[in-house]
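*Asks:* got a predicted structure plus its sequence, pasted below:
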Amino acid sequence: MSVIATKLQAAAGAAVIATAVAVTPAIAHAAPSLTPFAEGLGNSAELLIDPVVIVPTSSSNKTAAASVTANAAPTPAEIIKTFIAGLSTATQNAIKAGSQFVGTFAYAGLAFTGLVFTTVGEIVPGPIGDAFKNVGTGLNNAANNVAKVVKIGPYSTSA
């Protein structure tokens with residue numbers, strides 16, 4: 001019976017990881033304030049495949065499994081748990097790195113385009129020059145918003 005339970009736990013863990021991989025970028029893009037929650041979805045996969053501890057009571061003859069020592073060979077469930085935990089962490093880090101990589105180029109494109117429009121607005125006199133300045137300011141604001149979302153430049157944090 002425990003073999004079936006282990007397989008079900010591993011399958012449930014894999015399903016959670018697949019969901020986390022699919023949902024994390026969507027949540028991070030749609031609502032950046034929910035990004036830490038979305039990243040936590042993958043971490044919950046580890047909870048699904050941790051062994052269940054049974055607390056013995058006076059009316060129960062069930063006991064908890066012995067804990068694994070460092071010298072013992074890992075069980076298949078432990079190997080799967082370690083693999084899923086590593087895969088989850090690697091996937092989350094790859095998503096973060098990919099979004100920062102793409103975000104850096106998006107930031108640079110918006111910022112440099114904004115700089116060009118602002119510079120042209122300084123050169124061209126009158127309302128046309130003002131229009132160029134306004135577009136440049138808007139592009140610079142958009143660039144700063146991108147930098148905040150992907151946490152680059154002055155908006156980079158250690159978290």
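*Replies:* Yep, that arrived.
*Asks:* following the helix or strand of the chain with the lowest mean pLDDT, which helix or strand shows up next?
*Replies:* Using mean pLDDT, DSSP states H and E, helix 35-49 stands out as the lowest-scoring helix or strand of the chain, at a mean of 52. For helix 35-49, the succeeding helix or strand toward the C-terminus, using DSSP states H and E, is helix 76-123.
*Asks:* tell me the first helix or strand C-terminal of that next one.
*Replies:* With secondary structure assigned by DSSP H and E, helix 76-123 is succeeded by helix 126-150.
*Asks:* angle of that next one against helix 76-123?
*Replies:* 170 degrees (axes from the mean of the first three to the mean of the last three Cα atoms, to 10 degrees).
*Asks:* packing partners of helix 126-150?
*Replies:* Contacts defined by 3 or more Cβ pairs under 8 Å, 6 or more residues apart in numbering; DSSP states H and E place helix 126-150 against helix 76-123. Where you see a C-beta, it was placed from the backbone N, CA and C, and this is true even at glycine.
*Asks:* quick check: phi and psi on Ala73?
*Replies:* Backbone geometry at Ala73, expressed as degrees, to the nearest 10, gives phi -70, psi 140.
*Asks:* over to Pro125?
*Replies:* Torsion angles, degrees, to the nearest 10, at Pro125: phi -80, psi 160.
*Asks:* measure it to Asn134 for me?
*Replies:* 15 Å (Cβ to Cβ, to the nearest Å).
*Asks:* the two: who's more crowded?
*Replies:* Higher neighbour count among Pro125 and Asn134: Asn134, with 13 against 9, using other Cβ atoms under 10 Å.
*Asks:* please name the nearest non-neighbouring residue to that one.
*Replies:* Spatially, and ignoring its direct neighbours in sequence, Asn134 is nearest to Gly121 (7.6 Å; Cβ to Cβ, 6 or more residues apart in numbering).
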